[in-house]
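3D model of this:
(chains A and B)
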Amino acid sequence: MTDSTHIRNFSIIAHIDHGKSTLADRILEATHTVETRDMVEQLLDSMDIERERGITIKAQAVRVLYDADDGQRYELDLIDTPGHVDFTYEVSRALAACEGVLLVVDASQGVEAQTVANAMLAMNANLEIIPVINKIDLPAAEPDRVRTEIEEGLAIPAEDAILTSSKTGEGVHDVLEAIVARIPAPAGNSTAPARALIFDSWFDEYRGVIALIRVVDGCIKQGQSLRLMATGVTCDAEEVGVRRPANQPMAELSAGEVGYLVTGLKDPALVTVGDTVTAADHGAEIPLPGYREIKPMVYAGLFPVDGDRYTDLRDALDKLKLNDPALVYTPETSHALGFGFRVGFLGLLHMEVIQERLEREFDLDLLATAPSVSYHAHLTDGTMLSIHSPQDMPDPSEMERIEEPYLRATVLVPPDYVGAVMELAQGRRATFLDMQYLGPNTVEMHYELPLSELILDFFDQLKSRTKGYASLDYEFSGYKPSDLVKLDILLAGRPVDALSFIVHKDKAYDRGVILTRKLKTIIPRQMFELPIQAAVGSRVLSRTNVKAKRKDVLAKCYGGDITRKRKLLEKQKKGKKRMKSIGNVEVPQEAFMAILKVDD
Amino acid sequence: MSARYVSGGGVSLYIHVPFCVRRCSYCDFYSCTDLSAREAFQHALVRQIASLPRPESIPSVYFGGGTPSLLASSIADILDTVRRYHTLTDTCEITVEVNPESFTAELCDTWRRAGVNRVSIGVQSIDDATLKTLGRVHNADRARAAVQLAHASGFETSVDLMCAIPGHEAAFTDSLQWAADCGARHISVYPLTVGEDTALAARIQRGDAPAPDSDTAADQMLLAERVLTGAGFEHYEIANYARPGARARHNLRYWQPGAGTGDYLGLGPAAWSMRNRVDGGRERFALHRTLREYLDDQCVSEPGVPITGPAETGESGESGALDGVFDVLTAEAARREDLMLAMRVADGVAAGQVQAAGLSAVFEDLVARGLVELFVPDIDPGDTSDTSNTSNVRSARDSGSHARGNTRSGARYRCTQTGWLLGNEVFAAILP
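Numbers count the residues shown, from 1 in each chain, chains lettered A, B, ... in the order given. Down below sits the predicted model:
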């Protein structure tokens, strides 16, 4: 049993690339949790993709022991959270397991959109916020400016902000002292019925689902019978313990502690983030607040390039879902692409990560269709249909109205680029809400815009139009009626279902023209002339032709050319295998994503 | 010869002469413009020839480049060396590539006496403006004179023409007509290919010169076929035309490299060799990439050390045993390569050979796509090439004597006109 006055639960929050994971690395080193020789960069990010992209996807918890300047030993539980907006709910649950956060801000970049979003989450959770200005070793560091931004922009006192360099280790000791001194010890009633918050879980092949939990009241003992309140499932605590970062079993986890729980359950869907664990007998009546079912925001079709690998794709998705309950999928059949899945994602990053993992970890070649959002079709018979794929769009005559999801977006940008942002927003059906100065160098702008416009290359456009200065965050704000139509693309006169998409009526013509023009550059010349058309219903909006190719041969081929030529042809043939034959037209993978790049 | 190689078909020699007076604007072949190394090159070449193990016989010798005519009378010395150490067949075809500006009457005499019996003249065009764009050294008058001289000297003569040169499309018609009438019995027609990292590529990149257009290339290749076959030439390979009996025998070895018929050794820098192995596999290798490597090579500077092929260890792909490049094909890969290359030639491939390679379905699909046709030649041309029946093959095509779905002995597949122009579709289908 740990004396809870010597426990500190904290998390590190930051905008991407501001140094969250490296600061965590330095803390693990400074507390000798991991010896320097065993240290790898981004230790808490165990997936290859996390390390390569410098992002955190899965939450992690690690307990470090710290001998503070006051001569006492403290148990610090560091909870590493995903930083990206796709995973906001997971972040909010991880924060609910803490009493305080380190708000890391890059000393040269200053406050950015995810800094604001994450700081808001921390404030809403009533957490102690310790501002940390990181990367002060950089030549472009301006700690004083950043301090002002934190104070004026976030209304967080920053005179005590700690200056650090995760690179040199400077300031890390101050950070540890501040955690002890400023973050409150966990409160909680150790004699009340047990309540523990699940803030992440993963599937272990041998032990079943393992959950990361924060005990709020009472205690969770090894061997105890437990009940998960939202799903109603019961299980035994096969093992409880803390992560240092390897699992260290304990007899129990008591109020205020963070640790892991081996549930022995085989179905990850039963152990959901945000659920409350209590005792099976005489358990708590009221669950911890904040539980929410996870709903995907973005849907896309995933098809194996090689149709024979459909079952491999299904098995791979099943496997990934074990560690990613947010992943949902249903079988989908496309005339053009064959058998595949309609997959729901939390956002575009989530989609990219899943696709990359499927291709890399399961050696699959995939064709992804352009992502769409979940539309609500209200039918004339009063029922509502969720539309996850353009193919499912009902006939306009059957619909009373159709609604699409809207977001409230926050853009942070230097004043010089306000005009550029406004111009972009205007083209994307965005409604301006308000703007304010967070300091002399940063303007915070708020918009409401359809999610479908945001997933259409919005972030890349925002970055390029503001020379990379703008940062973006958003939250779901609700469904609104919209005048939407389904735009079809026809190749050689035949509609290709996988190229259809849903678009606002006023934009159908422009998108049709841009897309046919774009497809003309992407689809290679075939042996026959290929017309490409964009149409809404039977009305053709635009048309281009890909001319037939007439000469494709190396006329000069003698002894020295043969090897090079054969290898080139073999390589091209491999490339062709990544194309999909639709009828007798070879369509490259890029074509299916062309819809997303409309502003080139 | 090492026992691992097939014997019986002789081994041809390709001798790469890596010198040019200046680089043509489009060309990325290996050559150098520092002519002072010619003597060292000749010495090295002579030593290499002397150190080669004795092949059974040499059915053809081809001096390519670069600009072989820059070696002038040394060509005769080199051929003397070949004869001293090796055996040429009685009908050995000995070709020298010639640039019009370095071809003289005096040279003709020397070469004739040394046994050269064929010259391939890089005319490219008889339009001065076109030649200037290509960065060629010669002009149209010089080209005409070179062809006349070749005839007068009794050489079998081939003329190279280039088509689809942006901005000079119209002039091609005149060059073509001239070539058909100039007396040459062999004509090659290539669309302009702009090599990477060449002066012309840079001009196109900057927008200072128009890029070659593949539709124009198709038009002009078809024009060439119309004019030259009309003038009595046989279109026997994608880019090559010959009067009966005048096919380039050395080049046919490249396209019909089957065991016992196609082996060749490349001498000099950046020259490729090909040997068929007794296990059905095949080796292609270029021992030296540059003149420097060639001159520095111990094998070259110390007579007696054989250069026959890559180290025995080479399994596949590229090995680092020597500085050169090795391409080792399995028997299966060699079979497919045989088919791919043979489809360049009008004789095509025997249906039985396709069946043996398990590619009947692939070929039938190509037939369905109009790229390939099945035909029965009046007389089976056999595996090799240059026999007088070639005009019969041609007439088989002209008369459309098809044998669709028929695999009785003698039936063969060949490319249609479309199939030749879209050869990469055919070749890619054949490759794994």
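
contacting residues for the closest residue to chain B within chain A?
Using C-beta to the nearest C-beta, the single residue of chain A nearest to chain B is residue A:553, 3.2 Å away. The way it works is simple: take the backbone N, C-alpha and C, and place the C-beta from them, glycine included. With contacts defined as C-beta atoms under 8 Å, 6 or more residues apart in numbering or on different chains, residue A:553 is in contact with B:238, B:420, B:421, B:422, B:423, B:424.

That one belongs to a strand?
No. Checked against DSSP: H, G, I helix; E, B strand; the rest coil, residue A:553 lies outside a strand; its state is coil.

Quick check: pLDDT value at it.
Reported pLDDT at residue A:553 in the predicted model: 91.

now the one 4 residues further on
According to the model's per-residue confidence, residue A:557 sits at a pLDDT of 89.

That one should be in a strand, yeah?
No. Residue A:557: not assigned to a strand; according to three-state DSSP it is coil.

So for it, what's the nearest residue that isn't a sequence neighbour?
In this structure, residue A:557 finds its nearest non-sequential neighbour in residue A:565, 6.1 Å apart by C-beta to C-beta, 6 or more residues apart in numbering or on different chains.

Does the one you found lie in a helix or a strand, and which?
When secondary structure is defined using DSSP states H and E, the element that contains residue A:565 is helix A:562-577.

Also residue A:241?
Residue A:241 is part of strand A:239-243 when elements are defined by DSSP H and E.

Grab the CA positions of that strand and hand them over as CSV.
Written as CSV, here are the backbone C-alpha positions of strand A:239-243 (Å, rounded to 0.1, in the frame of the first residue of the first chain):
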residue,chain,number,x,y,z
GLU,A,239,-2.8,-9.7,-12.2
VAL,A,240,-2.4,-6.0,-11.2
GLY,A,241,0.7,-4.0,-11.0
VAL,A,242,2.6,-1.0,-12.2
ARG,A,243,4.7,-0.4,-15.3
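
Can you list the residue ranges for helices in the stretch 1-150 of chain B?
Taking DSSP state H, counting those that start in this stretch as the criterion, the stretch 1-150 of chain B contains helices spanning B:38-51, B:74-85, B:105-114, B:128-134, B:140-152.

Please identify which of those helices is closest to chain A.
Set against chain A and scored by C-beta to the nearest C-beta, the helices of the stretch 1-150 of chain B come closest in helix B:128-134, at 14.4 Å.

Give me the buried positions along the closest one.
Judged by neighbour count (16 or more other C-beta atoms under 10 Å in any protein chain shown), helix B:128-134 contains these buried residues: B:130, B:131, B:133, B:134.

hmm, back to that, which elements pack onto the helix or strand following the strand holding residue A:241?
Toward the C-terminal end, the helix or strand that comes next after strand A:239-243 (DSSP H and E) is strand A:247-250. Taking 3 or more C-beta pairs under 8 Å, 6 or more residues apart in numbering or on different chains; DSSP states H and E as contact, the helices and strands that strand A:247-250 lies on are strand A:239-243.

what are the pairing partners of the strand it packs on, and which direction each?
Next to strand A:239-243 in the sheet, as set by DSSP bridges, lie strand A:247-250 (antiparallel), strand A:258-262 (antiparallel).

Let's have these in CSV, adding mean pLDDT and mean neighbour count.
Output for the strands paired with strand A:239-243, formatted as CSV (pLDDT from 0 to 100; neighbours: other C-beta atoms under 10 Å in any protein chain shown):
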stretch, mean pLDDT, mean neighbour count
strand A:247-250, 92, 15
strand A:258-262, 95, 25
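
what's the closest of those to residue A:34?
In this view, the strands paired with strand A:239-243 are compared for proximity to residue A:34 by C-beta to C-beta, and strand A:247-250 is the closest at 13.7 Å.
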